[in-house]
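>>> Requesting a structural model of the entry that follows:
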Amino acid sequence: MINSKVSSRIPALRIWALLAMFIMVLYLAGCSSNPPAKEEIKPSTQNIEATKDYQTYTDATNAFTMKYPADWKQEKQDGTLVAFSSPDMENVNVVSEDLSQHSISLADYVKASLSQIEKGVKNYKLISSTTTTMGSIAAQKIVYTGNMENMDLQFMQVMTIVNKKAYVFTYTSLPANYDKHSGTVQTMIDSFSI
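Numbering: from 1, shown residues only. Sure thing, here's the model as predicted:
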């Protein structure tokens, strides 16, 4: 039988042990070797001014506009509202999904999307998931890598929900070319307007 003095100290020792473990986890998380997340670029007059050499795409049916570089090719691809390709074949597309039959938050939509991406993209690796804007609309940005059709790719997706409709902006690139067009892609995202 445990001494009554010892048994009364056991709950206090457990609390201190749990507290020490919690502090250790916080400390280790702060010492992680992961680089800090990059600060998101917010829409600004400067970014929109940078679209002087851009053309405006208008989708009257889905009620949105956005700018794209004059030297990028606009095309219609199955399943997309619009797609653009750079001269060196990087790709941007916009899709939408009618959510009128569902009551879903942006956070839950992103979570469901990540689950589908993880199942459908070979060697999927999430790089970041951060809040941002699509034009002036609150959005979520995910960046990930994976392999599709035996090709290693890097993706950026920006998702938002407006009036029970999800809009997903996707940038797809070879990993070596990803940074080359990221500023242009950000300008396209910043120009998005519903």
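
>>> quick one, helices of the chain?
4-30, 45-49, 106-120, 178-191 (DSSP state H).

>>> what's the least confident stretch among these?
Lowest mean pLDDT within the helices of the chain: helix 4-30, a mean of 35.

>>> and the closest residue to residue 106 other than its chain neighbours, how many neighbours?
Leaving aside its sequence neighbours, residue 106 sits nearest to residue 161 (C-beta to C-beta, 6 or more residues apart in numbering; 5.2 Å). No exception for glycine: its C-beta is placed from N, CA and C like everyone else's. Residue 161 has 20 neighbours, counted by other C-beta atoms under 10 Å.

>>> Residue 161 reaches residue 107, doesn't it?
No. Taking C-beta atoms under 8 Å as the definition, residue 161 is not a contact partner of residue 107, at 10.1 Å.

>>> Pull the contacting residues for the residue nearest to residue 106.
Counting by C-beta atoms under 8 Å, 6 or more residues apart in numbering, residue 161 touches 99, 104, 105, 106, 109, 167.

>>> now those residues in JSON lines, with distance to residue 141 and neighbour count?
JSON lines is the format used below for the contacts of residue 161 (distance: C-beta to C-beta, whole Å; neighbours: other C-beta atoms under 10 Å):
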{"residue": "99", "distance to residue 141": "19", "neighbour count": "15"}
{"residue": "104", "distance to residue 141": "18", "neighbour count": "14"}
{"residue": "105", "distance to residue 141": "16", "neighbour count": "9"}
{"residue": "106", "distance to residue 141": "11", "neighbour count": "16"}
{"residue": "109", "distance to residue 141": "13", "neighbour count": "19"}
{"residue": "167", "distance to residue 141": "13", "neighbour count": "22"}
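
>>> Farthest pair within the residues you listed?
Spanning the widest gap among the contacts of residue 161 are 105 and 167, at 15.0 Å by C-beta to C-beta.

>>> how long is stretch 76-86 end to end?
End-to-end span of stretch 76-86 (C-alpha to C-alpha, to the nearest Å): 14 Å.

>>> what residues does it touch?
Contacts with stretch 76-86, where a contact means C-beta under 8 Å, 6+ apart, come from 57, 59, 62, 64, 68-69, 71-75, 91-96, 181, 184, 188.

>>> for stretch 163-180, same thing?
Contacts of stretch 163-180 (C-beta under 8 Å, 6+ apart): 62, 64, 88, 90-100, 109, 113, 134, 145, 151-161, 181-182, 185, 188-189, 192, 194.

>>> Please convert the buried members of these into PyMOL selection syntax.
To isolate the buried ones among the contacts of stretch 163-180 in PyMOL, judged by 16 or more other C-beta atoms under 10 Å, type:
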select buried, resi 64+90+91+92+93+94+95+96+109+113+134+145+153+154+155+156+157+158+159+160+161+181+182+185+188+189+192+194
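
>>> So which of the contacts of stretch 163-180 are in strands?
64, 91-98, 134, 145, 151-161 (DSSP state E).

>>> Run through the residues that contact the closest residue to residue 139 other than its chain neighbours.
Excluding its sequence neighbours, the residue lying closest to residue 139 (C-beta to C-beta, 6+ apart) is residue 160, at 4.0 Å. Residue 160 makes contacts with 106, 134, 137, 138, 139, 140, 166, 167, as judged by C-beta under 8 Å, 6+ apart.
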